[in-house]
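J.: what's the 3D shape of this:
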Amino acid sequence: MKRVTPKTLQERQSNKGKYAELPKLRDILVDLSVKNTPKVVRKLRLIGPSSEITEIQDKKAYYVEGPDGKKIRKTEKVPFPDAHKNASPTRIGHDDKDQCPWRKMGYVGTTRFVQRCLEEQEDGTWVHKILVKGPAVFDNFFNWEQSRREEGDPDISTFLGGDNAPMVRITAVADSSKLGGVDYTIGINSKDMPLTEEHINLLRVVREPSADDLNAFRKEWNADREHDKEMPEWRDYFEFGHDMRRIFKFTPPIEDTPTPVLSSNSEDETEEEETTSTESSSEADDFTVEDLNW
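T.: Sure thing, here's the model as predicted:
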């Protein structure tokens, strides 16, 4: 039970306006959709490391026997059991596939990678975005970094999200012969673009974690680096900007709970007050990853 006063009601109204001003997920993702145009080109400066997520789709797989006797894998659309509470067409799977409830229910998962970046606009300005794509795009980045490390030259950049690294150019062209109906071409500049304080401030004004959080992230990073020497040295700006840890966190199923009924009885009157759920569902948009949780 929460106490209500004129002050708390006023604060609640203020918060409604505050949350309404938060950007939609479609506004912070790099838009490579070719739905309304046959070709899209984006120029990006990647920031920090990429992370891998599993996007769970509202589909389940099954197998049929083909003409040659081999099994053919097919999928069919099956609504999520909590679709009436969460309207998003996707969920974020658990990092451990064996512990993922969506996997256990038979839903199909797709590997996605997410990374902060700066997107160059037509007027030469920069906007902080998040790039979300699969191996068709990110494998090109990983292969570039691996080939640069194999050169063994300490004077060249080997990490596209670090202090000095070239810009990348992603071209998406509608092509029905390709998986997903899109053909991606990745170009990586030959010249490095150093990150300046001005660039980093574009991320900082969006979000800068507390000193305690940064210390915890740094400690976690350095511990992992002990086991993977190819990881770059830590930089605090790796965590500046949109909070990917929250946006792309695991989405557990929402279970139905009984609706509580509060009643008050006396000799003079009998009154019943029913409490109802105020949970709002995710708003669907043109992107496949929509589990934005501010």
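J.: Every contact and neighbour count from this point should use C-alpha atoms.
T.: Noted.
J.: Only the C-alpha atoms, please, for stretch 122-134, written as CSV.
T.: Provided in CSV are the C-alpha atoms of stretch 122-134 (Å, rounded to 0.1, in the frame of the first residue of the first chain):
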residue,chain,number,x,y,z
GLU,A,122,24.7,13.8,-43.9
ASP,A,123,25.7,17.2,-42.4
GLY,A,124,28.9,15.7,-40.9
THR,A,125,27.5,15.6,-37.3
TRP,A,126,27.5,12.4,-35.2
VAL,A,127,24.7,10.7,-33.3
HIS,A,128,25.1,7.9,-30.7
LYS,A,129,23.4,4.7,-31.9
ILE,A,130,23.5,1.0,-31.2
LEU,A,131,24.3,-1.5,-34.1
VAL,A,132,22.3,-4.7,-33.8
LYS,A,133,23.0,-7.3,-36.5
GLY,A,134,24.0,-10.9,-37.0
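J.: Show me the contact partners of it.
T.: By Cα atoms under 8 Å, 6 or more residues apart in numbering, the residues outside stretch 122-134 that reach it are 28-30, 111-121, 202-203, 241-242.
J.: Which of those fall within helices?
T.: If you go by DSSP state H, those have 28, 202-203 in helices.
J.: Quick one, which of these are buried?
T.: 202-203 (16 or more other Cα atoms under 10 Å).
J.: can you put the ones in helices among the contacts of stretch 122-134 in JSON lines and add distance to K43 and pLDDT?
T.: Below are the ones in helices among the contacts of stretch 122-134 laid out as JSON lines (distance: Cα to Cα, whole Å; pLDDT from 0 to 100):
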{"residue": "I28", "distance to K43": "15", "pLDDT": "94"}
{"residue": "L202", "distance to K43": "16", "pLDDT": "97"}
{"residue": "L203", "distance to K43": "17", "pLDDT": "97"}
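J.: Go through the ones in helices among the contacts of stretch 122-134 and say which is closest to P81.
T.: For these, the minimum distance to P81 (Cα to Cα) is 28.5 Å, reached by I28.
J.: Report the separation between that closest one and V205.
T.: Computed with Cα to Cα, to the nearest Å, the distance linking I28 and V205 is 14 Å.
J.: go on, G162?
T.: The value you get for G162 to V205, if Cα to Cα is used, is 19 Å.
J.: Compare neighbour counts for these two and give me the winner.
T.: Comparing G162 with V205 by other Cα atoms under 10 Å, the one with more neighbours is G162, at 23 against 11.
J.: Correct me if wrong: the more buried one contacts G48.
T.: Yes. Assessed by Cα atoms under 8 Å, G162 is found in contact with G48 at 6.0 Å.
J.: need the contact list for S51.
T.: For S51, the contact set (Cα under 8 Å, 6+ apart) comprises 113-115.
J.: Now for the residue nearest to Y184 when sequence neighbours are not counted: which residues touch it?
T.: Sequence neighbours aside, A172 is the residue nearest to Y184 in space, at 4.7 Å (criterion: Cα to Cα, 6 or more residues apart in numbering). Applying Cα under 8 Å, 6+ apart to A172 gives the contacts 32-34, 39-41, 182-185.
J.: and the longest strand for this protein?
T.: strand 39-65 (DSSP state E).
J.: one step back: please indicate which of the contacts of stretch 122-134 are buried?
T.: Buried members of those, counted by 16+ other Cα under 10 Å: 29-30, 112-120, 202-203, 241-242.
J.: ok, which stretches of this structure are helices?
T.: Under the criterion DSSP H, the chain contains helices at 6-20, 25-28, 101-104, 135-151, 197-204, 211-225, 244-247.
J.: What average pLDDT does the last one get?
T.: Confidence over helix 244-247 (mean pLDDT, whole number) is 94.
J.: Arrange the ones in helices among the contacts of stretch 122-134 in JSON lines, one row each, with distance to D98 as further columns.
T.: Shown next, in JSON lines, are the ones in helices among the contacts of stretch 122-134 (distance: Cα to Cα, whole Å):
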{"residue": "I28", "distance to D98": "31"}
{"residue": "L202", "distance to D98": "39"}
{"residue": "L203", "distance to D98": "35"}
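J.: could you give the mean pLDDT of stretch 206-220?
T.: Stretch 206-220 comes out at a mean pLDDT of 97.
J.: my bad, stretch 99-108
T.: Average pLDDT, stretch 99-108: 96.
J.: And it, what's buried?
T.: Buried residues in stretch 99-108 (16+ other Cα under 10 Å): 100, 102-103, 107-108.
J.: rewinding a little: looking at strand pairing, list the partners for the residue nearest to Y184.
T.: Going by DSSP bridges, A172 is paired in beta bridges with V40, Y184.
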